[in-house]
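> Sequence and predicted structure, then a few things I'm wondering about:
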Number of protein chains: 2
Amino acid sequence: MTKHRVTIREVAHKAQVSQQTVSNVINGTGRMSEQTKKRVQSVITTLGYHSNRPAQMLRTGHSRMIGITVPRFDQPFCSLFCDCVAQYARQRGYGLVVSVFGDNFEETIKETYQLNADGWIFFADATILRRIRHLKQDYPVILAGDYLGDGELDAVMMPNVDASRYATNWLIEHSDGHVGMIGASFDTYEQDAKDPDPIPLRLRHARDRNTDMRLHGYLLALQDHAIQPDWTIIRPVRKLIEAEGERATEMLLQTGDIPSGIICANDALALGALSTLSKHHISVPEQIQVIGFDNTRESHYSSPPLSTVDPYVMQYAQLAVQQLIARIEGSIEEVHVLTTDYRLVERHTTI
Amino acid sequence: MTKHRVTIREVAHKAQVSQQTVSNVINGTGRMSEQTKKRVQSVITTLGYHSNRPAQMLRTGHSRMIGITVPRFDQPFCSLFCDCVAQYARQRGYGLVVSVFGDNFEETIKETYQLNADGWIFFADATILRRIRHLKQDYPVILAGDYLGDGELDAVMMPNVDASRYATNWLIEHSDGHVGMIGASFDTYEQDAKDPDPIPLRLRHARDRNTDMRLHGYLLALQDHAIQPDWTIIRPVRKLIEAEGERATEMLLQTGDIPSGIICANDALALGALSTLSKHHISVPEQIQVIGFDNTRESHYSSPPLSTVDPYVMQYAQLAVQQLIARIEGSIEEVHVLTTDYRLVERHTTI
């Protein structure tokens, strides 16, 4: 095992031809004798040279790869989305490269653009919001993850407000109507809770951040049934992960006022909620019904299996990939915001 | 938004300097006036040029990126492993790029090597086995996923035999001793089951494939207690995913012979098993105890929370990254096989 990549120069030297000839053999271009061609091919095999994408990129400007960035894989939606994007990109003849930005967004953006993808899907969580200027790039980018690109970037979104309103209405109509929510934004919760307006102005105008839009949908459903919001059964979270679902549910139980149903801003929170309810021997769905959001694979396998909003993740991936490829191939100009369909999947956490 | 990357040539043209000068400004090399430097930097910003890794790679041969391939994210271990690798790689000053090979291994291997990582961790499932010749590459590669590199490649493995033997012994000692297993290899199950030897020779010699090694550990534990294997309570699976855990558990229940405990070859299978046991109203751990393998995040949040073998995934990631960086930096020569430690995490699926 050697530690360096074999270069085209080494191949040329060993085969006693010019670098251009090696390049011609690799690309099937130029003119040369069958003998030369065979000799070069044999050296390529012997040395283990593989025509590398950097060189090819510099030549053609295209890699036939698309990229996706994710913050990390600590919640199930990211994994599901990556699998769907990979599958659909391949159908369209593109490879996929994934970049994990973690807490290091600016640095990773730089790395990302230095990789060879023809364009990028940025799957963003809240931390991306203040850094969006880094995304105003000179090549194809699609935002995914319920954040808007301020008219500078294409975005693919979920039907957050409508789907959350639909699921909440369903829960109100299938219970005594005392329905709570887990997954408000932690940083604005106090302010929203103090607002005398049943739907705080801030939420009414929310056009990005899934937590805000899903809370807006929830409040609209209460309004549909002329129910005043009860902010003791609306709980904030710091991140959309299971541990926060557990914490928020503990807080909810401490109020002593157990609602007959809860809408969770995503499946990870809902799984955390189920875990805590089970610890407290509160039976689901008899004492409390639970609905998640995302229809991740994990929602099938929870006990009881989780009822959830299906935002059609495959469609989400397809819209993002289609739009990105259209950008790459230069067939669109205007900035688009695309939204998926939705349905409520009834499993065993609802009656 | 334009559809092409800005080239160094365009920057040079607009700034009225040579490409070499632009390159010098980017790399902080060469000599030039402050004025020229500022003009070039201003053009770089205006045009949105970013020095790209292809060019840099061709120049230096190093990218300070490591890569990891995964088959897909359809089981929780992959996600957890990627997060750990990303975190530790960053600590070591390397970025991470992930490649998803799906069902298209040969094609992805090519893509992978054409990406710019300095080396690759191949996280492999069974499908990689017959294709290992593709991995005998001319640059740093580490195999992860309990497959050996035939002395050609470094590998990081879990303590499959020992940990499985330990967990099975624990379960035998904490029950009536009638302990089954879910997660034998489907393609050899019939053959193993017919073998009169309590530990089939094939398994005794298994040095890779986690299913074979974990089954070997299970059979060793039976031997430790002088228990003859009962192949009706050892169930094969096609893949290590939840759906197969459900299917295998259904098959197990159909035999009418419910063991007092089951060892599952990974957490995903165990979660599938819990789901099926719950559907059949078989109480865990009272009627049947369940132990998984991997200690994935999902095992915390199942109902009941899953007891599982913790193979120290962070250590696994660190060993893989350390070994890969040592290869990249050329400080080792011999091929190594590294193995993690383990412990049993007792949660609520065991008594």
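Yep, it's here.

> Break down chain A into its strands, ranges please.
In chain A, strands defined by DSSP state E lie at A:65-70, A:95-100, A:119-123, A:141-144, A:154-157, A:179-185, A:234-237, A:261-264, A:289-293, A:307-310, A:337-339, A:343-345, listed in chain order.

> Run through who's touching the fourth one.
For strand A:141-144, the surrounding residues in contact (C-beta atoms under 8 Å, 6 or more residues apart in numbering or on different chains) are A:81, A:119-124, A:135, A:149, A:153-157, A:316, A:320, A:323-324, A:327, B:1. Where you see a C-beta, it was placed from the backbone N, CA and C, and this is true even at glycine.

> tell me the mean pLDDT over stretch A:188-207?
The average pLDDT within stretch A:188-207 is 94.

> now swap in stretch A:234-250 and tell me
Throughout stretch A:234-250, pLDDT has a mean value of 95.

> What of stretch A:306-313?
97.

> Stretch A:31-47 too?
pLDDT averaged over stretch A:31-47 gives 84.

> is it anywhere near chain B?
Yes. Applying C-beta under 8 Å from any C-beta of the partner chain, one finds stretch A:31-47 touching chain B at residue A:47.

> List the buried residues in that stretch.
A:36, A:37, A:39, A:40, A:43, A:44, A:47 (16 or more other C-beta atoms under 10 Å in any protein chain shown).

> do stretch A:170-178 as well
A:170, A:171, A:172, A:174, A:175, A:178.

> residues near the closest residue to the fourth one other than its chain neighbours, how many?
Counting by C-beta to C-beta, 6 or more residues apart in numbering or on different chains, the nearest residue to residue A:174 once its immediate chain neighbours are dropped is residue A:351, at 5.8 Å. Burial of residue A:351 is recorded as 13 neighbouring residues (other C-beta atoms under 10 Å in any protein chain shown).

> ditto for residue A:283
10.

> So it versus residue B:94, what's the distance?
Residue A:283 is 49 Å from residue B:94, where distance means C-beta to C-beta, to the nearest Å.

> One more: residue A:234?
Distance, residue A:234 to residue B:94, using C-beta to C-beta: 43 Å.

> can you check residue A:103 too?
In terms of C-beta to C-beta, residue A:103 sits 16 Å off from residue B:94.

> what do you get for residue A:313?
To residue B:94, residue A:313 is 31 Å away according to C-beta to C-beta.

> and what of residue A:164?
Distance from residue A:164 to residue B:94, counting by C-beta to C-beta: 40 Å.

> Tell me which of the two has more neighbours.
Each of residue A:164 and residue B:94 has its neighbours counted (other C-beta under 10 Å); residue A:164 has more, 29 against 24.

> In contact with the residue nearest to the more buried one when sequence neighbours are not counted, which residues?
If the residues on either side of it in the chain are set aside, residue A:164 comes closest to residue A:217, at 2.9 Å by C-beta to C-beta, 6+ apart. Residue A:217 makes contact with A:160, A:161, A:162, A:163, A:164, A:165, A:166, A:167, A:168 under the criterion C-beta under 8 Å, 6+ apart.

> where's residue A:217 relative to residue A:170, distance?
12 Å.

> How about residue A:346?
From residue A:346 to residue A:170 the distance is 9 Å (C-beta to C-beta).

> re earlier: between the buried residues of stretch A:31-47, which is closest to chain B?
Each of the buried residues of stretch A:31-47 was scored against chain B by C-beta to the nearest C-beta, and residue A:47 proved nearest at 7.5 Å.

> Restrict stretch A:179-198 to CA atoms and write it as PDB.
This file holds the C-alpha atoms of stretch A:179-198, laid out as PDB (Å, rounded to 0.1, in the frame of the first residue of the first chain):
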ATOM      1  CA  VAL A 179     -54.800  19.100  22.900                       C
ATOM      2  CA  GLY A 180     -51.200  20.200  23.700                       C
ATOM      3  CA  MET A 181     -48.100  20.700  21.600                       C
ATOM      4  CA  ILE A 182     -44.400  19.800  22.000                       C
ATOM      5  CA  GLY A 183     -41.900  21.600  19.900                       C
ATOM      6  CA  ALA A 184     -42.300  25.400  20.100                       C
ATOM      7  CA  SER A 185     -39.100  27.400  19.600                       C
ATOM      8  CA  PHE A 186     -37.300  27.700  22.900                       C
ATOM      9  CA  ASP A 187     -35.900  31.200  22.200                       C
ATOM     10  CA  THR A 188     -39.300  32.800  21.600                       C
ATOM     11  CA  TYR A 189     -41.600  30.700  23.800                       C
ATOM     12  CA  GLU A 190     -41.800  33.100  26.700                       C
ATOM     13  CA  GLN A 191     -42.600  36.000  24.300                       C
ATOM     14  CA  ASP A 192     -45.300  34.000  22.400                       C
ATOM     15  CA  ALA A 193     -46.900  32.700  25.700                       C
ATOM     16  CA  LYS A 194     -47.300  36.300  27.000                       C
ATOM     17  CA  ASP A 195     -48.800  37.600  23.800                       C
ATOM     18  CA  PRO A 196     -52.600  38.300  24.400                       C
ATOM     19  CA  ASP A 197     -53.300  37.500  20.700                       C
ATOM     20  CA  PRO A 198     -54.500  33.800  20.300                       C
END
